[in-house]
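> model the following, please.
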Amino acid sequence: MDEVKITFTGDFYGPDDHLGSTRMVLADNGQIVEATMYTPYGMMDTVAGISTAGLNAREKFTTKEFDEDGADSANGVDGIQAYYFGARYYDPEIGYWISTDPSGQFWSGYSYVGNGANPILMVDEDGNFIFSLLLPGVGTIIDAACWGAVIGGGLNAGTQLVTTGNVDWGKVGAAALGGAVAGGFGTMGSSLAANIFWGTMGNVASYTTTTPMLGGELTAGGYAGAILGGMAGGLIPGFQGVEGGVVDNIVSEIAYSGMKGSVVGMASGGIGALLDQENVGEGMKRGAIGGMIGGAVGAGLKIGLMGPVSQKSQYQILHEKAAEQFYDTQVGIYGSVNRSGGLIRYFNKYANGGSWGRNNVNYNRSRFTENEIFTHENIHHVQQSASGVIPFYFKTGLEQLFEGNDAYKGIRFNEFKADFLQ
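Got it, this is the predicted structure:
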């Protein structure tokens, strides 16, 4: 553990971890008489080989008492089995509060420390309001934005020092802005925030690749313009597919993405030229051309890797609505799309599908029907919209890494919930 605090309790001492959770109870002679392990969301397990000697420390996960009121082991009654935080009870088995958030901090009022946030870094002192152990008191989204700015700016400054021996602080500032946008919108739980996150990342990539192609120079103002333009462009929904066959959808997506890229690129180029004190008209022209190329090429790459867009089935739409109700969120016009037939299926020979941004991708396996795979991945997109892009991929990635197939068996896991809701 990184930090240990010693709490005196009569003849015994309790070393706590950085969250305040009691990890051990020591006698005054130093003997360990009780030891407890916790999962990230607070489930407890005793350490084998250590006798509790009839003890049971009152303070448990994040200093809170575990309430077992009503338990009757003789008759198989578990009791409440929840932590009492003062304002409300918390069930660690499912990672949810029993009652709603009185402060209304998140789109779901029941998720512990926010919609998919990190329980290893966030603490809720009394069930009313969470704070981060990184930047206490500022809230999850601002905390993530601040750290995104620090990381983005720091990496850019370090890269410049290593490659050139000098630092252009304008570029450092643009990188910090990009990090703040990624961190802030990436942890904000809503479909619009997710669309802004992906739109901004795509616009920055487009600016980086097309500007040198058109004879331009990558500048701090240009990057800032790409970030701000991308944020504005995130208000525009992505391609949702058209009625017709594969060719119709391929042509329509490339055309739509090119036009959208041109509009966003024009705004980005104008902002960038203004910040760089250059000709705004030329900046808008170069941005529009670069954005059109970037949008069309980007659409082509998505089609090649993940396949063309196809329409959602009525079954899928009904289950998406059920998932929205379950997670207390609305996807609206920023919904996901179905794709299949791309090259990505050759890089993953075991999974049946994947949720890549707003793309529900079928890897064309025979274990499940196409409708089942698309619906499962579509529910993952709802989860992403509810919790935020970064928390969703962080949580789901850890589940896949450490739980494997067991992630489909526990109610607190995203995979289990996606299976249940499909």
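> what number of residues lie near Leu301?
The number of residues packed near Leu301 is 11, by other Cβ atoms under 10 Å. C-beta: built from backbone N, CA, C; applies to glycine.
> domain map for this structure?
As assigned by automatic domain parsing, the chain contains the domains 5-132, 188-309, 312-329+336-421.
> tabulate the ones you listed (a markdown table), appending mean pLDDT.
Supplementary listing: those in a markdown table, determined by pLDDT from 0 to 100:
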| stretch | mean pLDDT |
| --- | --- |
| domain 5-132 | 72 |
| domain 188-309 | 93 |
| domain 312-329+336-421 | 87 |
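> tabulate those (TSV), appending distance to Ile142.
TSV is the format used below for the domains of the chain (distance: least, Cβ to Cβ, whole Å):
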stretch	distance to Ile142
domain 5-132	9
domain 188-309	10
domain 312-329+336-421	13
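> what's the closest of those to Gly170?
For the domains of the chain, the distance to Gly170 is smallest for domain 188-309, at 3.2 Å, taking Cβ to Cβ.
> pull the distance from the closest one to the chain's centre.
Domain 188-309 sits 22 Å away from the centroid of its parent chain (Cα atoms, centre = their mean, to the nearest Å).
> how long is it end to end?
End-to-end distance for domain 188-309: 27 Å, by Cα to Cα, to the nearest Å.
> of the domains of the chain, which is nearest Leu177?
Comparing the domains of the chain by their distance to Leu177 (Cβ to Cβ), the top pick is domain 188-309, with 5.5 Å.
> and Leu398, what element?
Element membership of Leu398, judged by DSSP states H and E, is helix 389-402.
> which strands or helices does that helix pack on?
Under the contact definition 3 or more Cβ pairs under 8 Å, 6 or more residues apart in numbering; DSSP states H and E, helix 389-402 sits against helix 169-187, helix 191-213, helix 370-387, helix 414-421.
> measure how the shortest one sits relative to helix 370-387, angle-wise.
Computed with axes from the mean of the first three to the mean of the last three Cα atoms, to 10 degrees, the direction of helix 414-421 lies at 120 degrees from that of helix 370-387.
> can you give the distance of helix 414-421 from its chain's centre?
Centroid displacement of helix 414-421 relative to its chain, using Cα atoms, centre = their mean, is 17 Å.
> what sits up against it?
Residues outside helix 414-421 that contact it (Cβ atoms under 8 Å, 6 or more residues apart in numbering) are 319, 322-323, 326, 376-377, 379-380, 383, 392, 395-396, 399-400, 407-411.
> cutoff 7 Å now
Helix 414-421 is contacted from outside by 319, 322-323, 326, 376, 379-380, 383, 395-396, 399, 407-410, using Cβ atoms under 7 Å, 6 or more residues apart in numbering.
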